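Trainee: task: produce atomic coordinates for the following.
(chains A and B)
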Protein chains: 2
Amino acid sequence: MKRNVLIIGAGGVAHVAAHKCAQNNILLGDIHIASRTIEKCQAIIDSIKEKDNQCGPGRIVAHQLDALDVEATKQLIHDTNSQIVLNLGSPFLNMSVLQACIETGAAYLDTAIHEDPAKVCEAPPWYNNYEWKRRDACHKAGITAILGVGFDPGVVNAYGRYAVDTYFDTVDSIDIIDINAGSHDRYFATNFDPEINFREFTSTVWSWEDSQWKANKMFEHKKEWDMPVVGTRPTYLTGHDELHSMSANLNVPNIRFWMGFGDHYINVFTVLKNLGLLSEQPIRTAEGLEVVPLKVVKAVLPDPASLAPAYTGKTCIGDLVKGTKDGKPQEVLLYNICDHEESYAEVGSQAISYTAGIPAVAAAMLIADGAWDVKEMKNVEELDPKPFIELMNRIGLVTRVRDSQGDRVLDPYAESVELAEASLHTDSNH
Amino acid sequence: MKRNVLIIGAGGVAHVAAHKCAQNNILLGDIHIASRTIEKCQAIIDSIKEKDNQCGPGRIVAHQLDALDVEATKQLIHDTNSQIVLNLGSPFLNMSVLQACIETGAAYLDTAIHEDPAKVCEAPPWYNNYEWKRRDACHKAGITAILGVGFDPGVVNAYGRYAVDTYFDTVDSIDIIDINAGSHDRYFATNFDPEINFREFTSTVWSWEDSQWKANKMFEHKKEWDMPVVGTRPTYLTGHDELHSMSANLNVPNIRFWMGFGDHYINVFTVLKNLGLLSEQPIRTAEGLEVVPLKVVKAVLPDPASLAPAYTGKTCIGDLVKGTKDGKPQEVLLYNICDHEESYAEVGSQAISYTAGIPAVAAAMLIADGAWDVKEMKNVEELDPKPFIELMNRIGLVTRVRDSQGDRVLDPYAESVELAEASLHTDSNH
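Mentor: Residues are numbered from 1 along each chain as shown, chains lettered A, B, ... in the order given. You can find the predicted model right below:
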């Protein structure tokens, strides 16, 4: 049992997580929100009060923090008596915040792999370069550290684990498909921090194919998928965090990530990239000013949080898993549909932030109640997916399954039992 | 008679002008090249020697100069005994250099209207905001100041004057058409300073229609023209320097400028503009750095001079003039064709720089020999176009004329005489 949550960061995902923590503060205890700019933390607290999203009594407090400063972070964890740290700031902060947790005993959660600002796209598996180097330290200190527990990475890792365990004898492939079929009123915007968004797409695309890493280029492989609710959508093979752990933890030879992109996004991205405006390396202007082009592009683009009021439409993210069961080909899609307008009505954020923030809070709740308080460093697919999926069904993200039996809400406990029974029944017929 | 030329600037146009001055230094005397970066001036001198483009004996010297510093510029004019100043630096320098000329008695030439870095697109006629305010000062000091004597503005102004005087009784319209049908090996580049290039297109498009200023938007009006050599090309109504003086000095009710743009240019421009990356106003990055987006875009784009070695194809720039002669409709196109590869072979620059640099040198030669040494501030259409067109025919830019009589090289003196004779002949038939 752990209590009191320190949220680091005050962007869109932190905003959603703070609202959802406040709705569940009877379990989670005090909520603290810390970022470089305390006013952004206070604005989140104001919006929680405005939407009347605090459920039980308890403190919700804003703090100023430079989370690259390990000592300052340790001090804040100590002063607030936080036993759970939800790191929802920039991925540049992961290793500093993790270190503060290791040294204070707090549980650690994040939603993306650590990144070095001076590098894009590191050698796979990327986790090996940073977080996994602290596995032993977490083990020795008995620290629960859950890596990458947003939607993707996060929920899609749990879907992969659940599908492998439940529906298959052998699994050939997991295709993770991420479609945002929403639209907003701006010429162009990214759905989360533009700097992080573009960094995902500016270098080598790593995929897990035939049980090894394969390098591709961005927008080299296009594939259309017929997805529930949002329909047939074009996607492109994309490098993504979860591949770097699922390839190691699930015995599946092909794991790929497909991101949906419209022509307009690709055009803007292509222009900016080809001109050199997405570079993370500094250039010098004619006047002698040294500046990183990507940071200038970030500065001129809309704040993703500002899109929410006018955002309409839905996201569809899921795992299409293929393999065999009882000698026959089997295909299962586990997915979630999230609505931009409903997300905004509930917590004041669009669905991209909503789908990343809810899983992080679900994981915090599973640490608080002990189910996931494993006192080790784990990626999501190493944990029991059933309580996670079941809890998300109740707090805002409903998982559905589409297979040869049809399309239905996934009750992870019932589905496992039914299939086990079906399997027994099949066996008794032999 | 004036001698010794000080060239200010060391970009593509200055490069061409320096080569052409060196070819004609028997008339022009010593050549001095000054810019903020003396190495760029020295590189031009090295290329003149490499191409063996110096004709007679005489000095060619590089100087370091901040031309915004009027006193320093005066001192350099004095020290070099320059009687002609060719201002081919950024249009931000015009008023400072002009002031230095007024105070030293040197003749002044430039190729573009003065611009304030903090403003784009000023109220028409733009010259009224800057240069024309010094008309009286030039008159009192007996200063020859020729404004805008590149190709456009410059040659196209002379074409307008020549056509009005030679082929028409009444002129209804002058459409200035600028087509670059060349291609280079980069993803995207501007043909001259990107900052100045983009500033032309980011605000209101002013045109002279029905004898008044009309405001349009960029890329609002598209028109295809069937042009000699380069064929049928799409162009867009564009604001441009020469309209601001030709509207005042020629009694023509419609004067418009049409710039040729390919779809790729428009796409890149549209993306950058819509994202706010072409703004001349500073923004602040998340890290607190204040930076002008347009200057960052300039810094990532290729140096226009670097395009020259791989540039192929031709430019076609001219005036299509419509009106009446002897009661009948008359239509005349005066134009020049310039070849990128030939320009590079001769002086090491592409045709965009070549077409802007040659007219400036021709004007300097007409000041040196007295023909244009008018001791007043003048725009090009206020001067006799015949010696200018005739001289350019000999030093690298051949003017052609296309009308109902066919397509031929324009001999401005012979054509005037022939038409006068034809007119007399017509009269005697009455």
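Trainee: for the residue in the stretch 101-250 of chain A that chain B sits nearest to, give me the pLDDT.
Mentor: Proximity of the stretch 101-250 of chain A to chain B (CB to the nearest CB) peaks at A:Tyr187, 4.4 Å away. C-beta coordinates here come from the backbone N, C-alpha and C atoms, glycine included. pLDDT recorded at A:Tyr187 is 94.
Trainee: isn't it up against B:Gly276?
Mentor: No: A:Tyr187 is beyond contact range of B:Gly276, at 9.4 Å (criterion: CB atoms under 8 Å).
Trainee: the more surrounded of the two?
Mentor: More crowded of A:Tyr187 and B:Gly276, by other CB atoms under 10 Å in any protein chain shown: B:Gly276, with 18 against 15.
Trainee: could you pick out the residues of the stretch 301-430 of chain A near chain B for me?
Mentor: Residues of the stretch 301-430 of chain A lying close to chain B (CB under 8 Å from any CB of the partner chain) are A:Leu301.
Trainee: and the helices in the stretch 151-300 of chain A?
Mentor: A:155-166, A:194-199, A:243-249, A:263-275, A:293-300 (DSSP state H, counting those that start in this stretch).
Trainee: worst mean pLDDT among these?
Mentor: helix A:194-199 (a mean of 84).
Trainee: hey, C-alpha coordinates of it in PDB?
Mentor: C-alpha atoms of helix A:194-199 as PDB (Å, rounded to 0.1, in the frame of the first residue of the first chain):
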ATOM      1  CA  PRO A 194       6.100  19.200 -31.000                       C
ATOM      2  CA  GLU A 195       9.700  18.700 -30.100                       C
ATOM      3  CA  ILE A 196       9.000  15.100 -28.900                       C
ATOM      4  CA  ASN A 197       6.500  14.500 -31.600                       C
ATOM      5  CA  PHE A 198       8.900  15.400 -34.500                       C
ATOM      6  CA  ARG A 199      11.900  13.700 -32.800                       C
END
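Trainee: around chain B, which positions in the stretch 51-200 of chain A sit nearby?
Mentor: A:187-188.
Trainee: give me the below-cutoff pLDDT ranges for chain A.
Mentor: Applying pLDDT under 70 to chain A picks out residues A:121, A:419-420, A:422-430.
Trainee: got the domain ranges for chain A?
Mentor: Segmentation of chain A into domains, based on automatic domain parsing, reads A:5-149+A:345-395, A:155-339+A:400-409.
Trainee: just to revisit the earlier point, just give the closest residue to the residue of the stretch 101-250 of chain A closest to chain B, not the sequence neighbours.
Mentor: Spatially, and ignoring its direct neighbours in sequence, A:Tyr187 is nearest to B:Asn274 (4.4 Å; CB to CB, 6 or more residues apart in numbering or on different chains).
Trainee: repeat for A:Asp403
Mentor: A:Asp403 sits nearest to A:Val332 (CB to CB, 6+ apart), 4.5 Å away.
Trainee: any idea how many residues pack against that neighbour?
Mentor: A count of nearby residues for A:Val332, using other CB under 10 Å, gives 23.
Trainee: that one bridge partners, please.
Mentor: A:Val321 (DSSP bridges).
Trainee: give the contact list for it.
Mentor: By CB atoms under 8 Å, 6 or more residues apart in numbering or on different chains, the contact set of A:Val332 is A:163, A:167-168, A:320-321, A:401-403.
Trainee: relative to A:Leu301, how far out is the residue nearest the centre of chain A?
Mentor: What sits nearest the mean C-alpha location of chain A, by CA atoms, centre = their mean, is A:Gly150, with 2.5 Å. Noted for A:Gly150: a distance of 21 Å to A:Leu301, by CB to CB, to the nearest Å.
Trainee: can you check A:Ile146 too?
Mentor: In terms of CB to CB, A:Ile146 sits 31 Å off from A:Leu301.
Trainee: of the two, which one has the most company?
Mentor: The neighbour comparison of A:Ile146 against A:Leu301 (other CB under 10 Å) goes to A:Ile146, with 27 against 22.
Trainee: got the phi/psi numbers for that one?
Mentor: phi -110, psi 120 (degrees, to the nearest 10).
Trainee: which residues touch it?
Mentor: A:107-110, A:363, A:367, A:372, A:378-380, A:383.
Trainee: filter those residues down to just the ones in helices.
Mentor: Mapping those onto helices (DSSP state H) picks out A:363, A:367.
Trainee: got a markdown table for the contacts of A:Ile146, with neighbour count too?
Mentor: Listed next are these as a markdown table, based on neighbours: other CB atoms under 10 Å in any protein chain shown:
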| residue | neighbour count |
| --- | --- |
| A:Ala107 | 24 |
| A:Tyr108 | 26 |
| A:Leu109 | 29 |
| A:Asp110 | 28 |
| A:Ala363 | 28 |
| A:Ile367 | 25 |
| A:Trp372 | 24 |
| A:Lys378 | 20 |
| A:Asn379 | 25 |
| A:Val380 | 28 |
| A:Leu383 | 21 |
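Trainee: quick check, nearest of the contacts of A:Ile146 to B:Ala310?
Mentor: A:Asp110 (47.8 Å; CB to CB).
Trainee: wait, doesn't the closest one sit right on A:Leu88?
Mentor: Yes: the criterion here is CB under 8 Å, and A:Asp110 meets it with A:Leu88 at 7.4 Å.
Trainee: rewinding a little: just the buried residues of the contacts of A:Val332.
Mentor: A:163, A:167-168, A:320-321, A:401-402 (16 or more other CB atoms under 10 Å in any protein chain shown).
Trainee: max pairwise distance over the residues you listed: which two?
Mentor: Farthest pair in the buried ones among the contacts of A:Val332, by CB to CB: A:Phe168 and A:Arg402, 15.3 Å.
Trainee: how near is A:Ala362 to A:Gln54?
Mentor: 18 Å.
Trainee: nope, A:Met377 is what I was after
Mentor: As judged by CB to CB, A:Met377 and A:Gln54 stand 32 Å apart.
Trainee: how many other residues sit next to A:Leu65?
Mentor: Neighbours around A:Leu65, by other CB under 10 Å: 23.
Trainee: oh, I was asking about A:Ala181
Mentor: 19.
Trainee: residue contacts, it?
Mentor: Neighbours of A:Ala181 in contact, by CB under 8 Å, 6+ apart: A:229-231, A:233, A:260, A:313-316.
Trainee: leaving out chain neighbours, which residue sits closest to it?
Mentor: A:Val230 is the one closest to A:Ala181 (CB to CB, 6+ apart), at 3.9 Å.
Trainee: what's the neighbour count on the one you found?
Mentor: 19.
Trainee: if we can go back for a sec, the contacts of A:Ala181, buried ones only, as a PyMOL selection?
Mentor: To isolate the buried members of those in PyMOL, using 16+ other CB under 10 Å:
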select buried, chain A and resi 230+233+260+313+314+315+316
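Trainee: Provide the secondary structure category for A:Thr324.
Mentor: strand (DSSP: H, G, I helix; E, B strand; the rest coil).
Trainee: pretty sure it sits against A:Asp169.
Mentor: Yes: look at A:Thr324 against A:Asp169 with CB under 8 Å: they come within range, at 5.6 Å.
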